[in-house]
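S.K.: next input, structure requested:
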Amino acid sequence: MLKYNFKPIIFARGIEKPYTYFVNAGFSTQLASKLNNNKVKILRPKTIEKLCILLNCTPNDIMEWHPTQHQLENKNHALHAIKANNLNKVEHLTDLLRKVPLNKIEDIQAYIKTQHKEEK
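M.R.: Numbers count the residues shown, from 1 in each chain. The predicted structure follows:
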């Protein structure tokens, strides 16, 4: 079963007040609450697109797959890329950077800049 999970992307983006963030982005208070609490069951494609633009992500980043035991048998299925336990490995970048020696931060910054340039 496919389900929405906004927690990893909210965490990765460093959004400290997701409800307020979504309301300020133009979402209704009801939808903002559902997004914040992972209670969303159905979203229109237009809303998914708006969320992906806002969070700079793809639909795969906000969805996770909860396979049945039978579905798990096919180890090569493409949906394994968004299996639920795969998506929760994201760490907050600030927390990671606090652990990096200062002399390595310039290397990380340069890498991020090259990745950003490649996307343009």
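
S.K.: okay, the residue of the chain most remote from its centre: pLDDT?
M.R.: Among the C-alpha atoms of the chain, the one farthest from their average position, using C-alpha atoms, centre = their mean, is that of Asn103, at 29.1 Å. According to the per-residue confidence, Asn103 scores 85 in pLDDT.

S.K.: report the buried residues of the strand or helix carrying it.
M.R.: The secondary structure element spanning Asn103 is helix 102-119 (assigned by DSSP states H and E). Of the residues in helix 102-119, none is buried by neighbour count under the rule 16 or more other C-beta atoms under 10 Å. The way it works is simple: take the backbone N, C-alpha and C, and place the C-beta from them, glycine included.

S.K.: alpha carbons of that helix, as PDB, please.
M.R.: Coordinates of the C-alpha atoms in helix 102-119 are reproduced here as PDB (Å, rounded to 0.1, in the frame of the first residue of the first chain):
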ATOM      1  CA  LEU A 102      35.700  23.000  10.100                       C
ATOM      2  CA  ASN A 103      38.300  22.400   7.500                       C
ATOM      3  CA  LYS A 104      36.000  19.900   5.700                       C
ATOM      4  CA  ILE A 105      33.000  22.200   5.600                       C
ATOM      5  CA  GLU A 106      34.500  24.100   2.600                       C
ATOM      6  CA  ASP A 107      34.600  20.800   0.700                       C
ATOM      7  CA  ILE A 108      31.000  20.100   1.500                       C
ATOM      8  CA  GLN A 109      30.000  23.600   0.500                       C
ATOM      9  CA  ALA A 110      31.800  23.300  -2.800                       C
ATOM     10  CA  TYR A 111      30.100  19.900  -3.500                       C
ATOM     11  CA  ILE A 112      26.700  21.300  -2.700                       C
ATOM     12  CA  LYS A 113      27.300  24.300  -5.000                       C
ATOM     13  CA  THR A 114      28.400  22.000  -7.900                       C
ATOM     14  CA  GLN A 115      25.200  19.900  -7.400                       C
ATOM     15  CA  HIS A 116      23.100  23.000  -7.500                       C
ATOM     16  CA  LYS A 117      24.700  24.200 -10.700                       C
ATOM     17  CA  GLU A 118      24.200  20.900 -12.400                       C
ATOM     18  CA  GLU A 119      20.400  21.200 -11.800                       C
END
